[in-house]
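Visitor: test case, fold it:
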Amino acid sequence: MNGKRILLIIGGGIAAFKSLDLIRRLKERGASVSVVLTKSGAEFVTPLSVTVLSGDAVHDELFNPLGEADIGHIELSRQADLIVVAPATANMMARMASGIADDLATTVLLATDKPVLIAPAMNVRMWEHAATRRNVKRLAKDGIKMVGPNEGDMACGEFGPGRMAEVPEILDAIEQNISAENSNLVSLDRKGPLQGRHVLVTAGPTREPIDPVRYISNHSSGKQGYAIAAIARDLGAEVTLITGPTNLKRPDGVWVIEVETAREMKRAAVKALPADIAIFTAAVADWRVKGKAGKKIKKAKGKSTPDFELVENPDILKSIANHKSKRPDLVIGFAAETNNVVEYAKAKLKRKGCDWIVANDVSEEGGVMGAETNTVHLLTANTLESWPELSKSDVAERLLRRAAAELSGITQAAE
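Guide: Numbers count the residues shown, from 1 in each chain. Presented below is the predicted three-dimensional model:
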């Protein structure tokens, strides 16, 4: 982040104390930090502490004669590489979603043409309230990115989602949003049927370690998931791709999160919410070894073959499809089968609680694993479509255009 300019807006909440550490960490990484301190934020952290840590004067007044001599709020909104709101309270998010500009912070946010990242922090009841859920969706459609909130103990004594993300998580999100090297900046003016939508995609295999050099995995190449991520981007979406180990090039303009195990993939998927569409193409290992060996397991003459106790991995598709507060509007699973493809897919659709299942034959005769083409069946609650053999990019485009139309219908019905 050397030389990058971050404008940090500190909202009012007990989590504001984390923002002081965030300033320090950003400075350590070479970023310059300017701070807008809201009136309520100043109830939790002092202007003096912010000034000392940032090395810059605190901005806290909209109608400041000195600052506004050169239209200071416009200058603040345009000079940063990224604007970060941490903590972003329920009130702040509501004002952002409504386009209200009644203080320096909200005026800067309304006047900016730069990417905005928010770190929500509020009571669990406020986070789960229907009004906040509407505001989250509105902000996502407006191109606002979000990190957190996390689940945990609240200052008020309650437990649940609403805790502001920890500083390392916010730093990771900031780096993702300002790094040109891995092409994760998504154009906010990209046109298409998925414009303003957030699409979450999982891809590739997972690896479950047996010892430091061995693991349980499968032959998934990740090509179908990567194709879906790239087409979703081309159709206007902001895309988060959570990928297991592959040899594929990262698609440009996509936020990529690399994981190894099923548990890591689940954590990443939950953190990536909210999303409008979630598509789970990853071939997740169903089981893992209960206890990974700390050293390489050696074979020796006369020594018996090792016995491994397997335990079931988390069901990522089912977890997201049944998420209480942040379930995507459209959840699509993939079913890779070697026989009875449609029958098993129908059962999976019902068992997982997702909206659609895309089923394909991955037997050796099918030849899908690692290939450039795919032959799939699309199952919904009431329909079955068998598509001809298509390139994986064509499968992705057909699927996503159907998903965009479905999502549009859901949105219109809700309104």
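Visitor: residue contacts, V201?
Guide: Contact analysis of V201 by Cβ atoms under 8 Å, 6 or more residues apart in numbering lists 225, 228-229, 232, 239-242, 278-281. The C-beta positions use only the backbone N, C-alpha and C, and glycine is treated the same way.
Visitor: please, which helix or strand holds the nearest residue to V108 once chain neighbours are set aside?
Guide: Closest residue to V108 apart from its sequence neighbours, by Cβ to Cβ, 6 or more residues apart in numbering: S77 at 4.6 Å. Using DSSP states H and E, S77 sits within helix 72-79.
Visitor: what of D252?
Guide: Going by DSSP H and E, D252 is not in any helix or strand.
Visitor: phi, psi of the spatially closest residue to P306 that is not a sequence neighbour?
Guide: Spatial nearest neighbour of P306, chain neighbours left out: I297 (5.7 Å); criterion: Cβ to Cβ, 6+ apart. Per-residue torsions, I297: phi -70, psi 120 (degrees, to the nearest 10).
Visitor: please determine how far I297 is located from H323.
Guide: Plainly put, I297 is 38 Å away from H323 if you go by Cβ to Cβ, to the nearest Å.
Visitor: who has more neighbours out of those two?
Guide: Higher neighbour count among I297 and H323: H323, with 17 against 13, using other Cβ atoms under 10 Å.
Visitor: ok, the more buried one touching P274?
Guide: No. At 9.4 Å, H323 does not count as touching P274 under the criterion of Cβ atoms under 8 Å.
Visitor: and stretch 108-118, what's buried?
Guide: 108-109, 112, 115-118 (16 or more other Cβ atoms under 10 Å).
Visitor: of the residues you listed, closest to E258?
Guide: When the buried residues of stretch 108-118 are compared for distance to E258 (Cβ to Cβ), L117 wins out at 20.0 Å.
Visitor: before we move on, back to that, would you turn the contacts of V201 into CSV with neighbour count?
Guide: Listed next are the contacts of V201 as CSV, based on neighbours: other Cβ atoms under 10 Å:
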residue, neighbour count
G225, 28
I228, 31
A229, 32
A232, 31
V239, 28
T240, 27
L241, 26
I242, 27
A278, 30
I279, 30
F280, 27
T281, 25
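Visitor: in helices, which of those appear?
Guide: 225, 228-229, 232 (DSSP state H).
Visitor: if we can go back for a sec, report all helices and strands that the helix or strand following the helix holding S77 contacts.
Guide: Next along the chain after helix 72-79, taking DSSP H and E as the criterion, comes strand 82-88. Helices and strands touching strand 82-88, by 3 or more Cβ pairs under 8 Å, 6 or more residues apart in numbering; DSSP states H and E, are strand 5-10, helix 16-28, helix 90-98, helix 104-111, strand 116-120, helix 167-178.
Visitor: repeat that with 7 Å
Guide: Packed against strand 82-88 by the contact rule (3 or more Cβ pairs under 7 Å, 6 or more residues apart in numbering; DSSP states H and E) you find strand 5-10, helix 16-28, strand 116-120, helix 167-178.
Visitor: could you give the angle of the second one to strand 82-88?
Guide: Between helix 16-28 and strand 82-88, the angle comes out at 150 degrees (axes from the mean of the first three to the mean of the last three Cα atoms, to 10 degrees).
Visitor: residue closest to the middle of this structure?
Guide: In the chain, the C-alpha nearest the mean C-alpha coordinate belongs to A272, at 2.3 Å (Cα atoms, centre = their mean).
Visitor: surely it meets V199?
Guide: No. Here A272 does not reach V199: they are 10.2 Å apart, not a contact under Cβ atoms under 7 Å.
Visitor: residue contacts, E43?
Guide: With contact set as Cβ atoms under 7 Å, 6 or more residues apart in numbering, E43 has these partners: G12.
Visitor: now do it against V50, distance only.
Guide: Going from E43 to V50 by Cβ to Cβ gives 13 Å.
Visitor: what do you get for L390?
Guide: From L390 to V50 the distance is 55 Å (Cβ to Cβ).
Visitor: the more surrounded of the two?
Guide: Per other Cβ under 10 Å, whichever of L390 and V50 has more neighbours is V50, with 26 against 15.
Visitor: my read is that the more buried one contacts V58, right?
Guide: Yes. The criterion here is Cβ under 7 Å, and V50 meets it with V58 at 5.1 Å.
Visitor: are there residues contacting both of the two? Which ones?
Guide: Common neighbours of V50 and V58, using Cβ under 7 Å, 6+ apart, are 35, 37.
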